[in-house]
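A.B. asks: coords below, sequence missing:
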DNA sequence: TTTGTCTTGCAAGTTTGTTGCGTTTGTAGA
DNA sequence: TCTACAAACGCAACAAACTTGCAAGACAAA
């Protein structure tokens, strides 16, 4: 059902976008490409390997990618700011987050686009965009909660 | 069209919810009640009157209201964290924000509820909630932009 | 009015995000 | 392959937003 996760050639991707190729940048791009969910700057720094580059470099490089429109900044429901690589096909998705274990699942279905069009027509807005996050309690956490209640006797 | 904005009796509201009544709390509750849009902690502190109470008091009181479910925390599109009073009737709305002048308009129509139900059924999540923000360029800013381009000759 | 608890202001401490500067490195051209 | 220079880097300091401990003060029940 899901298509093969395209293992992006980070160096080529950087050159295509007119950016210099360095070890840190390759690590950051690879990480963003492989992550199914948006990451905070600190997560990027830690997961790309703190030795790979300085935190300031992560900050500056990710900011640069955002200015170029290659990365999208997302205001996460928990108050953190996260970042995700933009796909070339303009397709985007939203997230379903468990309020208990904070597991994140992508949601492909997007019902907001029609609303966007309606609002643009009604109120005269242009260049519409949107951000949607759903939260709930996942089945696993529901079970765990139920078990805990029983065991509490 | 819009119904009369109910001027909440802040002191009574606090007592109803089992909270002590103090000057600072009344000022904060009144402000949150009268604001059409969610506010940051610093906005609450400034607009409720910086003399009314300390910033730490705003932080602690708003956090307490969130724990009690009386205030909702919202991750705003610009990266700030904002807070709004929850209405008793469970009705909520979303926001339309101009990316140029940052004007905020509430959007009552909610198309996400059906999606929530579908996802809850498909993936077994419970206690669903969601956060949606729309951004675009408002008509006024479009005109201003057009005028600027013309004047630039 | 008294008393105990809750709330507050102050000030210090975290975390996250941002910038300046001198050094190092990638890349184009010789 | 070598050279030169702009771009990128690490370091360290800084700024803003958020969080907490503690002693003093205010609210509310009796």
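C.D. replies: Cool, the structure landed. Quick caveat, the model's predicted, so the values are computed rather than measured. Numbers count the residues shown, from 1 in each chain, chains lettered A, B, ... in the order given.
A.B. asks: ok, the spatially closest residue to residue A:101 that is not a sequence neighbour to DNA strand C distance?
C.D. replies: Excluding its sequence neighbours, the residue lying closest to residue A:101 (CB to CB, 6 or more residues apart in numbering or on different chains) is residue A:141, at 5.4 Å. Where C-beta positions appear, they are placed from N, C-alpha and C, glycine not excepted. Separation of residue A:141 from DNA strand C (CB to the nearest atom of the strand, to the nearest Å): 23 Å.
A.B. asks: and the pLDDT at residue A:141?
C.D. replies: The model reports residue A:141 with a pLDDT of 84.
A.B. asks: could you report the neighbour count for it?
C.D. replies: As a burial measure, residue A:141 scores 19 neighbours (other CB atoms under 10 Å in any protein chain shown).
A.B. asks: can you tell me which strand in chain A is longest?
C.D. replies: Using DSSP state E, we find that the single longest strand of chain A is strand A:126-137.
A.B. asks: so which elements touch it?
C.D. replies: strand A:94-98, helix A:112-123, helix B:112-123, strand B:126-137 (3 or more CB pairs under 8 Å, 6 or more residues apart in numbering or on different chains; DSSP states H and E).
A.B. asks: I'd assumed residue A:100 was in contact with the residue nearest to residue A:101.
C.D. replies: Yes: assessed by CB atoms under 8 Å, residue A:141 is found in contact with residue A:100 at 3.9 Å.
A.B. asks: helix, strand, or coil at the residue nearest to residue A:101?
C.D. replies: helix (DSSP: H, G, I helix; E, B strand; the rest coil).
A.B. asks: which one is the residue most central in space within chain A nearest to, not counting chain neighbours?
C.D. replies: Note on chain A: the residue nearest the mean C-alpha position is residue A:38, at 2.1 Å, using CA atoms, centre = their mean. Nearest in space to residue A:38, with sequence neighbours left out and distances taken as CB to CB, 6+ apart, is residue A:82 at 3.5 Å.
A.B. asks: tell me how far the one you found lies from residue A:137.
C.D. replies: Residue A:82 sits 21 Å away from residue A:137, going by CB to CB, to the nearest Å.
A.B. asks: get me the contact residues on chain A for chain B.
C.D. replies: A:73, A:75-79, A:81, A:96, A:98-99, A:105, A:107, A:109, A:111-112, A:114-116, A:118-120, A:123-139, A:142 (CB under 8 Å from any CB of the partner chain).
A.B. asks: residues touching residue A:15, list them.
C.D. replies: For residue A:15, the contacting residues are residue A:21, by CB atoms under 8 Å, 6 or more residues apart in numbering or on different chains.
A.B. asks: quick one: which helix or strand includes it?
C.D. replies: Following DSSP states H and E, the helix or strand that holds residue A:15 is helix A:10-16.
A.B. asks: for residue A:28, same thing?
C.D. replies: Using DSSP H and E, the element containing residue A:28 is helix A:23-34.
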